[in-house]
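A.B. asks: no sequence on this one, just coordinates:
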């Protein structure tokens, strides 16, 4: 039996004095590099900075997620998404929110938005038609427990083409994880673009194809308009 499901999402906002900044995008889109650049920027302003990521390798669930996606151990795809959620809960409650309450700057490589993109990949993928988009929201609305997580003050989506990603990964010279194949990366990039468009008020689109310094300047310009 089929049911038509519709629902509204009411996201939790950051009520604390600290600043919460997230960078989203596929692997090799430049997130980690820009996090380091932003860290240096905030430190020159005398701000205390906390860096985190999702998954977070310093947390038990995050380490297990990392072992799964790097093929060190195996897990059903649906179960993997529950592990991601568990890692996010601990990350938010023990790292992100305490730092924000103390007035620190939190810089994160990814947050729960990536659950929409990677989660749908894990349950079989979509073509991002209207019907598939509805499926994505329903599925991740259950798995990700949106009401548990706080939205960042700003979320940057670093958009890059798949060929750029593949070239950067080749230069990195490391083993690739389960998502780092061209066909999967193409779908993930399309997924991020769909999510960033669907929730346009929550994202700042950034052309990640440009030189690193230019991207950094754009991020800093946007952050400078946030009163925290």
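C.D. replies: Looks like it came in fine. Since the model is a prediction, treat every value here as computed from it, not as a measurement.
A.B. asks: in this structure, what helix or strand scores lowest on average pLDDT?
C.D. replies: helix 130-143 (a mean of 58; mean pLDDT, DSSP states H and E).
A.B. asks: how about the strands in the chain?
C.D. replies: Ranges of strands in the chain, per DSSP state E, are 19-24, 49-53, 105-109, 154-159, 203-207.
A.B. asks: list of residues touching the longest helix along the chain?
C.D. replies: In the chain, with assignment by DSSP state H, the single longest helix is helix 182-198. Helix 182-198 has contacts (Cβ atoms under 8 Å, 6 or more residues apart in numbering) with 24-27, 113, 116-118, 120-121, 125-126, 128, 133, 136, 157, 159-162, 165-166, 178-179, 203, 205. The C-beta positions use only the backbone N, C-alpha and C, and glycine is treated the same way.
A.B. asks: just the buried ones from those residues, in PyMOL syntax?
C.D. replies: Remark: buried members of the contacts of helix 182-198, expressed as a PyMOL selection using 16 or more other Cβ atoms under 10 Å:
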select buried, resi 24+25+26+27+113+116+117+118+120+121+126+128+133+136+157+159+160+162+165+179+203
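A.B. asks: so who does the residue nearest to residue 68 when sequence neighbours are not counted touch?
C.D. replies: In space, residue 68 comes closest to residue 75 once its chain neighbours are excluded; the distance is 4.8 Å by Cβ to Cβ, 6 or more residues apart in numbering. Each residue near residue 75 by Cβ under 8 Å, 6+ apart is listed here: 64, 68, 83.
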